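Asks: My questions are about this predicted structure, shown below with the sequence.
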Amino acid sequence: MKPLLILPLLFLPLRADAPAELKARLAQLQGHDAVKGQLERQLWQQDKDGKEPAKVVSGSFQMLVEDGPQGIQMQVSQALLAKARSEQEAALKDPEKESGTSRGLKGVNPVDLADSLNAAQGLLRDLAQSVFLEERQEVFEGQPARLLRFKPEPKLNAQAKKALKSMEASLIVWIAMDGTPLAMEEQVAFKASRFFISFEGTSKTTQRFRRMGNRLVVLQKTEESSNSGLGNVSQRKVVTKFQPG
């Protein structure tokens, strides 16, 4: 769409209750139309303990996944399994080596995969623990859209409440003019202590969505985190992409 055509749309009146419209749209996108495609994941993690050299683990893989009325199916090739086993055997000879492929595969579980291939339920859970702050018109990837900003207020168990000293969190959801989610971004920064040991961390998660039939699918999810405590610093980035087909 040309910029001159988009510009007038930015001045359209905001809806009376955008969060309710978003939730209603999500309620319509919890179907079980069959969806399948290729899942690709890239993992990178760096751990540094004091003055010791940083230890880096990385890996990537692809697998076929399918979701439908009968549930989740994951197809892992023999070549990929052989690669993971080979890396594990190398780690037995040299403990400093770790299997990035194996670690990445272990990070794929049916529950998380189901949330990605049918994302409406997970987004509704996030909204249920968030307070709506504002709405504004924006252009998202060349299309008129609305930005909804929320403040997450997750419920914590007693142990987590006791350890947590401070937390700042934000949740942004971009939606199309019909209320369909296009993308989201969530950021969290916290400080905590336990047994007189202080630690802190940050995380950022971004997701891109696409409507496929009667469900909402995550096409790309990027998770970045950093944690430190007791002289240890850990950084992690995981990028997961889904290519329908």
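Replies: That came in fine, so what should we check first? Remember, predicted model here, so these are calculated numbers, not experimental data.
Asks: Name the residues linked to Glu186 by a beta bridge.
Replies: Leu171, Thr205 (DSSP bridges).
Asks: so what's it up against?
Replies: By CB atoms under 8 Å, 6 or more residues apart in numbering, the contact set of Glu186 is 126, 152, 169-172, 203-206. Any C-beta I mention is one placed from the backbone N, CA and C, and that applies to glycine too.
Asks: Could you do Gln121 as well?
Replies: 26, 30, 115.
Asks: Out of the residues you listed, which is nearest to Gln78?
Replies: Lowest distance from Gln78 to those (CB to CB) belongs to Asp115, with 27.7 Å.
Asks: The closest one contacts Leu123, correct?
Replies: No. Asp115 lies out of contact with Leu123 (CB atoms under 8 Å); the separation is 9.2 Å.
Asks: Look at the two and report which has more neighbours.
Replies: Higher neighbour count among Asp115 and Leu123: Leu123, with 22 against 17, using other CB atoms under 10 Å.
Asks: count of residues packed around Leu171?
Replies: By other CB under 10 Å, the residues close to Leu171 number 23.
Asks: correct me, but it touches Glu153?
Replies: No. Contact criterion CB under 8 Å: Leu171 and Glu153 do not qualify, at 10.2 Å.
Asks: Which neighbours do the two have in common?
Replies: Counting by CB under 8 Å, 6+ apart, the residues touching both Leu171 and Glu153 are Ser130.
Asks: ranges for the helices of this structure?
Replies: For the chain, the helices defined by DSSP state H occupy 3-6, 18-28, 78-93, 100-106, 110-117, 120-128, 158-163.
Asks: got TSV for the contacts of Glu186, with distance to Gly59 and pLDDT too?
Replies: Output for the contacts of Glu186, formatted as TSV (distance: CB to CB, whole Å; pLDDT from 0 to 100):
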residue	distance to Gly59	pLDDT
Asp126	28	95
Pro152	30	95
Ala169	29	96
Ser170	30	97
Leu171	30	98
Ile172	30	98
Ser203	20	97
Lys204	21	98
Thr205	20	98
Thr206	21	98
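Asks: Are any of those buried, and if so which?
Replies: 152, 169-172, 203-206 (16 or more other CB atoms under 10 Å).
Asks: Quick check: the residue of the chain most remote from its centre vs Lys83, distance?
Replies: Here the centre of the chain is the reference, and by CA atoms, centre = their mean the most remote residue is Lys93, at 34.7 Å. Lys93 sits 16 Å away from Lys83, going by CB to CB, to the nearest Å.
Asks: just to revisit the earlier point, of all the helices of the chain, which one is nearest Val65?
Replies: Closest among these, using CB to CB: helix 110-117, at 6.3 Å.
Asks: Okay, angle between the closest one and helix 120-128 too, please.
Replies: Orientation of helix 110-117 against helix 120-128 (axes from the mean of the first three to the mean of the last three CA atoms, to 10 degrees) gives an angle of 90 degrees.
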